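**Q** Show me how the following folds:
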Amino acid sequence: QNSRNNLVVYSSMDGGDNWQQEVQATNYGFQNGFRYFSLLKDELDTVHFLFNKVEFGEIHSYRHMTTSDWGGSWSNDRAASDTAQGILQVGASVWNAPGITVSPSGTIYGSWADKRVDPSGLDYNVYLTRSTDGGQTWLPDIQLNEMLPIDNQGFVSIAVKSDGINDTLAAVWTETRSFA
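**A** Numbering: from 1, shown residues only. Below is the predicted model:
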């Protein structure tokens, strides 16, 4: 089956009573695109879009794009995840949905779950990355969860507060455990 997933943007300037025609923000070919994403507006009215890039049914990376004109134009997408990892997962699942937050100082944090370290392809682990330059470059992924006998971890969500010097992060996710 040939398919593709692209981001289209509709906008309303009157609180949702009327909507403007769609703008297509991405143009991925057949068998490529994304499945799950997160959108966030920062304090400077920049909209951040974090998504998993799917190529022929495999998640190769998590990507980041921005718009400062409410979807009229978009930055090129850039890898937010560590692309040296190769394929992060075969197949995409709602467990992979990313989370994104931006601190008042402008640091962007992204999080998600994938199966990169499980050769059987069954167990998800939770990762976090950050960018201090508006998404131009990203630090290597950090695995947040401990390696425990847990079946799945996912649906990651993150929040940040700042005291002006240090950011404090909260990350939450679900865990599915099997009991004998």
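
**Q** which other helices and strands contact the lowest-mean-pLDDT helix or strand in the chain?
**A** Least confident helix or strand, the chain: strand 89-90 with a mean of 72, by mean pLDDT, DSSP states H and E. Counting contacts by 3 or more C-beta pairs under 8 Å, 6 or more residues apart in numbering; DSSP states H and E, strand 89-90 packs against strand 58-67. C-beta: built from backbone N, CA, C; applies to glycine.

**Q** Can you point out the buried residues in the strand it packs on?
**A** Neighbour counts over strand 58-67 (16 or more other C-beta atoms under 10 Å) mark Ile59, His60, Ser61, Tyr62, Arg63, His64, Met65, Thr66, Thr67 as buried.

**Q** Stretch 66-86 too?
**A** By neighbour count with 16+ other C-beta under 10 Å, stretch 66-86 contains the buried residues Thr66, Thr67, Gly71, Trp74, Ser75, Asp77, Arg78, Ala79, Ala80, Ser81, Asp82.

**Q** neighbouring contacts of stretch 165-180?
**A** With contacts defined as C-beta atoms under 8 Å, 6 or more residues apart in numbering, stretch 165-180 is touched by 99, 101, 103, 105, 107, 109, 111, 113, 126, 128, 144-145, 149-162.

**Q** could you flag which of these are buried?
**A** Judged by 16+ other C-beta under 10 Å, buried ones among the contacts of stretch 165-180: 99, 101, 103, 107, 109, 111, 113, 126, 128, 144-145, 152-158, 160.

**Q** Can you list which of those are found in helices?
**A** Of the buried ones among the contacts of stretch 165-180, none are assigned to helices by DSSP state H.

**Q** Identify the farthest-apart pair in the buried residues of stretch 66-86.
**A** By the measure C-beta to C-beta, Gly71 and Asp82 form the most distant pair in the buried residues of stretch 66-86, at 28.2 Å.

**Q** What pairs with the least confident helix or strand of the chain, parallel or antiparallel?
**A** Strands that pair with strand 89-90, judged by DSSP bridges, come out as strand 58-67 (antiparallel).
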